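> Sharing a model that was predicted from the sequence below.
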Amino acid sequence: MAQSKILKVKKWVDLNEAAERLSLSLEEHINALDLMELALDEEVILSVKFPRNELFYIREVAECECKYVDDLEKDFKFHLFAFKKEKASKQEVEKMRSDFIMDHYQRYVQAAKKNGADEKYLSYDYFMNELMSIKWGNVGNVEIMEEFVYELPLIGAEKLHIEKLVEINNERHPGTLTSLDSVFLKSKSGKYYILNERFKEESESLSDKAPESLEHILNKNKYCYFPAGELPEGVIVGMAPIDLAEFERKLSSSDKELSLELAVKVLGAVLKEVTTKAKKWTQDDLASTIDERGIPGLRKRVVNGAFSYANKSFKSNG
């Protein structure tokens with residue numbers, strides 16, 4: 001796969017092409033479903049390609065620290081709203097707030113003890129005044145998407161999208177789960193964005209508005225946008241070639257030990273060559289010659305991998 005010239009310039013391939021290239025390279029059948037399941041297991045990195053003939057809105061975000069209790073206060077206000085307790089008396093609200101925070105404190109202590117936390121991190125004072133949480137916060141304003149290929153970090157609603165695709169491909173009902181998180185995207189520069197939607201739909205296209213007027217519309221109507229709860233129709237899931245190559249490299253070097261079956265097979269092929277031809281063999285000569293024989297499971301990459309393992313093993317015991 002590394003020798004593919006077109007892959008060196010392509011920024012993205014769909015999952016079927018990625019699976020086909022890996023199948024040929026690794027001599028093992030791999031399909032798009034395998035890649036999606038591997039992505040959910042954090043073994044491969046998926047990307048998504050957006051249609052170029054539509055407008056999409058994104059907003060840069062970054063991780064930031066805040067006091068955990070501040071988030072609890074916000075959650076409590078939502079709790080009052082959800083259970084229609086906003087009109088409760090001040091005394092009742094304070095009692096509910098105290099119970100709400102204490103419940104979360106007890107859960108925190110239980111989890112912290114399981115993780116072997118030091119005693120100083122278990123106090124109520126630490127919980128209320130020092131415990132920090134990591135959350136995503138907005139960095140910039142809403143902007144129009146200029147890149148059309150993004151990595152899927154699988155930390156928000158985009159993960160649910162892949163999970164649904166897996167269920168559909170396994171001919172199972174995808175269920176009706178929804179995500180309260182937005183769709184997270186990661187650009188090639190490493191920045192994180194959330195996908196946004198508009199409250200009010202308006203027909204706009206890049207062809208009939210200049211970039212300046214589009215920016216003006218965004219700034220003027222910045223409160224008309226909200227985080228998207230799912231990937232839009234028309235997007236295609238795939239992989240960036242660099243991630244495809246990295247996954248192949250990881251698989252090629254992931255075996256911690258050489259299987260006896262493969263070792264015996266390679267040794268037999270080596271004996272066949274060196275006993276039938278009187279010449280000074282190099283490792284590459286042997287690997288190429290064995291590859292040319294078309295022996296199942298003994299392509300040049302596999303043979304060189306076995307030689308590499310054998311050399312390391314020999315040197316470590318030498």
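Received, thanks.

> how would you label Leu185: helix, strand or coil?
Recorded secondary structure, Leu185: strand (DSSP: H, G, I helix; E, B strand; the rest coil).

> Can you get me a residue count around it?
Here the number of neighbours of Leu185 (other CB atoms under 10 Å) works out to 26. For glycine as for every other residue, the C-beta is placed from the backbone atoms N, C-alpha and C.

> contacting residues around it?
48, 58, 150-153, 158, 192-195 (CB atoms under 8 Å, 6 or more residues apart in numbering).

> Among the residues you listed, filter down to the buried ones and hand me the ChimeraX syntax, if you would.
This is how ChimeraX selects the buried members of the contacts of Leu185, with burial counted by 16 or more other CB atoms under 10 Å:
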select :48,58,150,151,152,158,192,193,194,195
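
> Just the buried positions in stretch 76-92, please.
76, 80.

> quick one: Val9 from Pro241, how far?
9 Å (CB to CB, to the nearest Å).

> actually Glu130, not the one I wrote
Counting by CB to CB, the gap from Glu130 to Pro241 is 46 Å.

> more neighbours, those two?
Pro241 (22 against 13).

> That one reaches Asp14, doesn't it?
No. With contact defined as CB atoms under 8 Å, Pro241 does not count as touching Asp14 (11.8 Å).

> Tell me where the model's unsure across the stretch 201-318 of the chain.
Residue ranges of the stretch 201-318 of the chain with pLDDT under 70: 201-223, 252-259, 312, 314-318.

> which other helices and strands contact the lengthiest helix in the chain?
Secondary structure of the chain per DSSP state H: the longest helix is helix 90-114. The contact analysis (3 or more CB pairs under 8 Å, 6 or more residues apart in numbering; DSSP states H and E) places helix 90-114 against helix 68-82, helix 124-129.

> Can you tell me what sits against stretch 18-28?
Contacts of stretch 18-28 (CB under 8 Å, 6+ apart): 1, 4, 7, 13, 29-32, 34-35, 238-239, 244, 247-248, 251-252, 297, 299, 301-302.

> Helices of the stretch 201-318 of the chain, residue ranges please.
211-220, 241-253, 260-274, 283-292, 300-316 (DSSP state H, counting those that start in this stretch).

> Including distance to Asp118, could the ones you listed go into CSV?
Below are the helices of the stretch 201-318 of the chain laid out as CSV (distance: least, CB to CB, whole Å):
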stretch, distance to Asp118
helix 211-220, 48
helix 241-253, 36
helix 260-274, 47
helix 283-292, 53
helix 300-316, 40
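
> out of these, nearest to Ile168?
Evaluated with CB to CB, the helices of the stretch 201-318 of the chain place helix 241-253 nearest to Ile168, the distance being 23.1 Å.

> Distance-wise, check the spatially closest residue to Phe184 that is not a sequence neighbour relative to Gly294.
Spatially, and ignoring its direct neighbours in sequence, Phe184 is nearest to Gly156 (4.1 Å; CB to CB, 6 or more residues apart in numbering). Note on Gly156: its distance to Gly294, by CB to CB, is 47 Å.

> between the two, which one's more packed in?
Gly156 (24 against 8).

> ok, now which ones touch the more buried one?
179, 181-184, 194.

> Please repeat the previous calculation with a cut-off of 6 Å.
For Gly156, the contacting residues are 181-184, by CB atoms under 6 Å, 6 or more residues apart in numbering.

> Top of these by number of neighbours, please.
Neighbour-wise, the contacts of Gly156 (other CB under 10 Å) top out at Val183, 27 neighbours.
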